[in-house]
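# One predicted model, sequence on top.
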Amino acid sequence: ITPATENKLRNLTSKEGLLRVNVKYYDNHREYLPFTDRIPSPCAQDSNSSEGERIECFMAGDSRSSEVTSLAAMHTLWLREHNRLARALKNINGHWSAETVYQEARKIVGALHQIITLRDYIPKIIGPDAFNLYIGLYTGYDPTMNPTVSNIFSTAAFRFGHATIQPIVRRLNAQYLDDPELPNLHLHEVFFSPWRLIKEGGLDPLLRGLLAHSAKLQVQDQLLNEELTEKLFVLSNNGSLDLASLNLQRGRDHGLPGYNDWREFCGLPKLETHTDLNTIITNHNVTEKIMELYHNPSNIDVWLGGLVEDFLPGARTGPLFACIIGKQMKALRDGDRFWWENDNVFTEAQKHELKKHSLSRVICDNTGISEVPADAFQLGKFPQDFKHCDNIPGMNLEGKVVIF
């Protein structure tokens, strides 16, 4: 984020180091992201609202924050967490300047992102074996490691997630049941529609829907649902787009080598023939279609090839994407001087506290939701697999000594 953007996102009048919030709307007294300065913004409007009432696109550190309501909800959750931490830190350390409070809260939020991503999310995506092989235990900062995000990671491998998106958006009540006032929506009904968050129940029903329903299972004969391949809506284009076509074309625009080149890069056997392809893709209808289109495995676009591979045990990716994601995560961790576990970033006592935290705790602290799974990334059934927020551990900002 550029300093100019960061200043737009901060509340520079606050003595508590807060981020800017929406001054027009609140979610049961909890904060929303501010609206963009660009008015009228291109976000969709409620067709039933009065002429004068507009709900603009949200403004966050990423210009895509209003793309779908669940993404806007995650941005909002972290806005609230920053402000919650900032207020708590100022309360403990009354002598701190607004700038110190802001930077210390930002540092903690950064650490929580690192912990939640690498400890709780990535092992479930690439599986335990690939995690140990490509990432392993942390041994400290490596100044020779380049932490830049690679072309192959951002353009292909991490876009595996597009195959895990559900076509239906569910909003659930406090008992985790369908809410007759908030019916299910098709995904295309929430593209660039922040009004749905503000006018239709706020964060809580949406987050409950995410916690209690699984991601879409990526199956080889339907990789992306039709909401994404037939009805994708973006602000820069009037028509409907196809996310799969965009991903393939982006890989070509970026000059990504083909599928077999990347298999070789990862030390995986090259696939020369249709028979070879059948060894890593169980669904032979799919290999047939691929060979019909590409004629030779070396011609396959890497995004498609990586996506159709059989999953590794305990993973949601095949061997190629597990390798690329694993290598990228190691580089991001080991090449970062400010990685939360690196020496002199946090004290041992602070690290001990940070480890207690989780995404479930962030949800408990910043919403009206009172029951969550112990691990937000692990699908559970309500109520048996959910815990009351009183039983979800979290960090303590002030122990016997002031820790932060």
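Thanks, I have it.
# which stretches of the protein form strands?
Assigned strands in the chain, in chain order: 168-169, 185-186, 371-373, 386-388 (criterion: DSSP state E).
# quick one, helices of the stretch 301-404 of the chain?
For the stretch 301-404 of the chain, the helices defined by DSSP state H, counting those that start in this stretch cover 302-308, 319-334, 348-354, 359-366.
# Nearest approach to residue 285 belongs to which of the strands of the chain?
strand 168-169 (25.8 Å; C-beta to C-beta). C-beta coordinates here come from the backbone N, C-alpha and C atoms, glycine included.
# Direction included, what does that closest one pair against?
Applying DSSP bridges, strand 168-169 is found paired with strand 185-186 (antiparallel).
# Work out the gap between the partner strand and the centre of the chain.
Put simply, strand 185-186 sits 20 Å off its chain's centre (C-alpha atoms, centre = their mean, to the nearest Å).
# could you redo the helices of the stretch 301-404 of the chain as JSON lines and give each row mean neighbour count, distance to residue 340 and mean pLDDT?
Shown next, in JSON lines, are the helices of the stretch 301-404 of the chain (neighbours: other C-beta atoms under 10 Å; distance: least, C-beta to C-beta, whole Å; pLDDT from 0 to 100):
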{"stretch": "helix 302-308", "mean neighbour count": "24", "distance to residue 340": "29", "mean pLDDT": "97"}
{"stretch": "helix 319-334", "mean neighbour count": "23", "distance to residue 340": "9", "mean pLDDT": "98"}
{"stretch": "helix 348-354", "mean neighbour count": "15", "distance to residue 340": "6", "mean pLDDT": "94"}
{"stretch": "helix 359-366", "mean neighbour count": "22", "distance to residue 340": "15", "mean pLDDT": "98"}
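# of these, which approaches residue 294 most closely?
helix 302-308 (8.7 Å).
# what's next to that closest one, contact-wise?
In this structure, residues lying in contact with helix 302-308 by C-beta atoms under 8 Å, 6 or more residues apart in numbering are 152, 155-157, 159-160, 163, 218, 220, 223, 247-248, 251, 256-259, 261-263, 281, 283, 286, 290, 297, 317-318, 320-321, 324.
# May I see the PyMOL selection of the buried members of these?
To isolate the buried members of the contacts of helix 302-308 in PyMOL, using 16 or more other C-beta atoms under 10 Å:
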select buried, resi 152+155+156+157+159+160+163+218+220+223+247+248+251+256+258+259+262+263+281+286+290+297+317+318+320+321+324
